[in-house]
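> This is a predicted model, with the sequence first.
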Amino acid sequence: MTNVVIRRLIPGNANGLVYRLMPQARLFLRLITVPIYPNHASLQSSCFASASKPTSSADVKDADFFPLNKRISHLIRTGRIEQAREAFDKMKQRNIVTWNSMINGYVKRREMAKARKLFDEMPERDVVSWNLMISGYISCRGSRYVEEGRMLFDRMPVRDCVSWNTMISGYAKNGRMVEALKLFDSMPERSVVSWNAMVTGFLQNGDVVRAIEFFERIPQRDGASLSALVSGLIQNGELDEAARIVHECGKRDEGMEDLVHAYNTLIAGYGQRGRVGEARRLFDQIPYCHEMGKEDSRRFERNIVSWNSMIMCYVKTGNIVCARELFDQMIERDTFSWNTMISGYVHMSDMEEAANLFCRMPNPDTLSWNSMILGYAQLGRLKLAHDFFERMPQKSLVSWNSMIAGCEKNEDFIGAVKLFSQMQLEGEKPDRHTLSSVLSVSTGLVDLHLGMQIHQLVTKTVVADSPINNSLITMYSRCGAIKEAQTVFDEMKLQKDVISWNAMIGGYASHGFAAEALELFNLMKTLKVRPTYITFIAVLNACAHAGLVEEGRSQFKSMISEFGIEPRIEHYASLVDIIGRHGHLEEAKDLIISMPFKPDKAVWGALLGACRVHNNVKLAKVAAEALTSLEPESSAPYVLLYNMYADAGLWDEAAAVRSLMDENKITKHSAYSRVNSSHC
DNA sequence: GTAGGGTTAG
């Protein structure tokens, strides 16, 4: 995509291959020769000097409060919000900075109700108090919060550059670039941050052309501008190009302000692609100074984000040992560091160590709690997950989603439905994750009514992407509404992926519409959508339902020869069914013997079913015995065999089956109750 | 003490 953009930016570019590297090189050579301008902070303060000046009460000997203020901000930085609040409450006198620090603590944790309460109680506010609140609102998800931020922005008596930038990046993050641009254009004075926010916004919203256009116009580009661009390039798959540019800048613009931003972004980029070795080399290239004093943005050295990004790389690639090693070496850790480590252990299903860190962590935030919930839910430990869920101080959408998904995955469908309605009662709006889980719940419960309600919610509230539509297809077809499944499938148009095709072909197959299933399969191949092993399970099932023996055989062969897909036991089961039902019982038995798997109950079940159809009592006995050894408590094989003997007038044999059932304490009834209880 | 880089979900 970037290539396309760059080609468009540079005239006279006709040959994509030739230009793949050249134009980029030209473009970026320009950017790395840009002179370094004076620190933007000094520029800003001169523009907005009057706005940022604290009001009267702050004149009361700031130094007297300073040690305590510093302590509060340190507690907040290290995640100990409750201790910070304790210290705050105990202070006899507070100045604006005290209040702001406390508000900042809540804002960072997205606890906006608490932040707002303090903000409203403040005896007087300065521009930072307002900015903090705005930044808090816009960092919360959802346009409702952006509007809340905008209301404060409009109400505040004096705005500074930070107020504008906060608001711009808020719009940009929420994909509202028109509004972002409007503010950007009407700003009294821009800083490099305003420009960077716009670049990031355009890139996040897929407008690479304008991102580059803006980037080139930035009067004093810094490491964060570069980082914004690098992040966009990485998202567009141009990781190596991004790395080249960062290295060039590192060499040419020694002392470039905030260069570490770009390095950190690149480390994260390597991590995303699993190139952890290169990430580590980059990390080691950043000088490291043990003094954690006042940060100087011009000094190029590792900061806490570098450490966290590197730890993240290890976590993403499953290397928890190296992640832990770095984590233990850190001097100062923030909530990010702890959360990254916890989520790492959660991914390794090591809940013991995750819990260990969770307990040691100074003040777990919503994300920490969410990770724990997720971890327990994924392992099926729903009770524990629920305990955490109930005890967490503030639930987020992710908390609800993790709980609901956990219930769904562990087939506690009723629990999932309860949570879903509780969440709505508590005013939390479901998103695509929620709806996708609840759709699977409808499928699990075979509850068409619920499924249709969720479909309505999908239509009203989210832009349905492929996974959601695929869940809809599956839901409708499992609930017997094949027409509705087909409508969703047809409306997906170009959005269809292989899962959509599989779901629809499988839907037709299970409803006995073999012709439709095979027709769709042919269309899929014509459109060059590569089938998967799941496609072939559906195709073979369609053949089985329709008794298409030759078609089934040839599909099985083409799966191997044409698509190189190794047949799995499910494919064999289907083929046994196809061949057996057609009366080729010996061939079916030989297939079972020759297949490279230990036959499972589906395979023997297919043979037994075929024997029943063709009255082959001798082979039925073999299949039934195999089945009972696999599932000793199941009555089905006994009953089927009994009926076959009875039908053939073989009463002695029938009686023998009956007494074997008694001997093994098998009742027909117990089989039914077992099936029913699994649905409760 | 505030804005631009790094965390959780199908």
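On my side now, so go ahead.
> switch to C-alpha atoms for all contacts and neighbour counts from now on
Fine.
> Report pLDDT for A:G12.
What the model reports for A:G12 is a pLDDT of 29.
> tell me the contacts of A:I592?
Under the criterion of CA atoms under 8 Å, 6 or more residues apart in numbering, the neighbours of A:I592 are A:Y572, A:V576, A:P599, A:V603.
> typed the wrong thing, it's A:W651
Contacts for A:W651 were tallied using CA under 8 Å, 6+ apart; they are A:Y645.
> try A:F389
For A:F389, the contacting residues are A:W369, A:N370, A:I373, A:K395, A:S399, A:M403, taking CA under 8 Å, 6+ apart as the criterion.
> Just the element for it, please.
Here A:F389 is covered by helix A:382-391, with elements defined by DSSP states H and E.
> and if you look at A:F119?
When secondary structure is defined using DSSP H and E, the element that contains A:F119 is helix A:112-121.
> and that helix, how far from the chain's centre?
In terms of CA atoms, centre = their mean, to the nearest Å, the centre of helix A:112-121 is set 31 Å apart from its chain centre.
> CA atoms of that helix as CSV?
Output for helix A:112-121, consisting of C-alpha atoms alone and laid out as CSV, is shown next (Å, rounded to 0.1, in the frame of the first residue of the first chain):
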residue,chain,number,x,y,z
MET,A,112,-13.2,9.1,35.2
ALA,A,113,-16.0,9.2,37.8
LYS,A,114,-13.4,9.6,40.5
ALA,A,115,-11.4,12.1,38.5
ARG,A,116,-14.5,14.1,37.7
LYS,A,117,-15.5,14.3,41.4
LEU,A,118,-12.1,15.7,42.3
PHE,A,119,-12.2,18.1,39.4
ASP,A,120,-15.6,19.4,40.5
GLU,A,121,-14.4,19.7,44.1
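> that older thread, quick one: which of the contacts of A:F389 is nearest DNA strand B?
Out of those, the one with the shortest distance to DNA strand B is A:N370. That distance is 4.8 Å, counting by CA to the nearest atom of the strand.
> which one is A:A624 nearest to, not counting chain neighbours?
Of all residues beyond its chain neighbours, the one nearest A:A624 is A:P637 (5.1 Å), with distances taken as CA to CA, 6 or more residues apart in numbering.
> For the one you found, pull up the helix or strand it's in.
Element membership of A:P637, judged by DSSP H and E, is helix A:636-647.
> Just the C-alphas of the next helix or strand after that helix, formatted as PDB.
Sequence order places helix A:651-663 as the next helix or strand after helix A:636-647, per DSSP H and E. Provided in PDB are the C-alpha atoms of helix A:651-663 (Å, rounded to 0.1, in the frame of the first residue of the first chain):
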ATOM      1  CA  TRP A 651     -33.700 -64.200  19.100                       C
ATOM      2  CA  ASP A 652     -31.000 -66.000  20.900                       C
ATOM      3  CA  GLU A 653     -28.400 -63.400  19.800                       C
ATOM      4  CA  ALA A 654     -30.900 -60.700  20.600                       C
ATOM      5  CA  ALA A 655     -31.300 -62.100  24.100                       C
ATOM      6  CA  ALA A 656     -27.600 -62.300  24.600                       C
ATOM      7  CA  VAL A 657     -27.200 -58.600  23.800                       C
ATOM      8  CA  ARG A 658     -30.000 -57.800  26.200                       C
ATOM      9  CA  SER A 659     -28.300 -59.700  29.000                       C
ATOM     10  CA  LEU A 660     -24.900 -58.200  28.200                       C
ATOM     11  CA  MET A 661     -26.600 -54.800  28.600                       C
ATOM     12  CA  ASP A 662     -27.900 -55.900  32.000                       C
ATOM     13  CA  GLU A 663     -24.500 -57.300  33.000                       C
END
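> related to what we said a few turns ago, who does the helix or strand that comes right after the helix holding A:F119 touch, helix- and strand-wise?
Note on helix A:112-121: by DSSP H and E, the next helix or strand toward the C-terminus is helix A:127-139. Using 3 or more CA pairs under 8 Å, 6 or more residues apart in numbering; DSSP states H and E as the contact test, the elements touching helix A:127-139 are helix A:49-52, helix A:96-108, helix A:112-121, helix A:143-155, helix A:161-173.
> Deepest in the core, which of those helices is it.
Using mean count of other CA atoms under 10 Å, the stretch among these with the largest mean neighbour count is helix A:161-173, at a mean of 24.
> and that helix, how far from the chain's centre?
Mean C-alpha position of helix A:161-173 versus that of the full chain (CA atoms, centre = their mean) differs by 26 Å.
> Let me see the mean pLDDT of that helix.
Predicted confidence along helix A:161-173 averages 93 (mean pLDDT).
> ditto for stretch A:640-653
Mean pLDDT, stretch A:640-653: 91.
> got the end-to-end distance for that stretch?
Across its full length, stretch A:640-653 reaches 13 Å between end residues, using CA to CA, to the nearest Å.
> ok, the residue in the stretch 351-500 of chain A that DNA strand B sits nearest to - contacts?
The shortest separation between the stretch 351-500 of chain A and DNA strand B is 4.1 Å, found at A:L367 (distances taken as CA to the nearest atom of the strand). Listed by CA under 8 Å, 6+ apart, the contact partners of A:L367 are A:N339.
> what helix or strand is the residue lying closest to A:A385 once chain neighbours are set aside on?
Sequence neighbours aside, A:I373 is the residue nearest to A:A385 in space, at 4.6 Å (criterion: CA to CA, 6+ apart). Using DSSP H and E, A:I373 sits within helix A:366-378.
> Over to A:Q424?
A:Q424 is part of helix A:413-425, with elements assigned from DSSP H and E.
> report the angle between the axes of that helix and helix A:382-391?
Compare the direction of helix A:413-425 with that of helix A:382-391 by axes from the mean of the first three to the mean of the last three CA atoms, to 10 degrees and you get 10 degrees.
> ok, and does helix A:413-425 reach over to DNA strand B?
No: in this structure, helix A:413-425 remains apart from DNA strand B according to CA under 7 Å from any atom of the strand; the gap is never smaller than 12.8 Å.
> about what we covered before: by contact count, what packs against the helix holding A:F119?
Helix A:112-121 makes packing contacts with helix A:96-108, helix A:127-139 when contacts are defined by 3+ CA pairs under 8 Å, 6+ apart.
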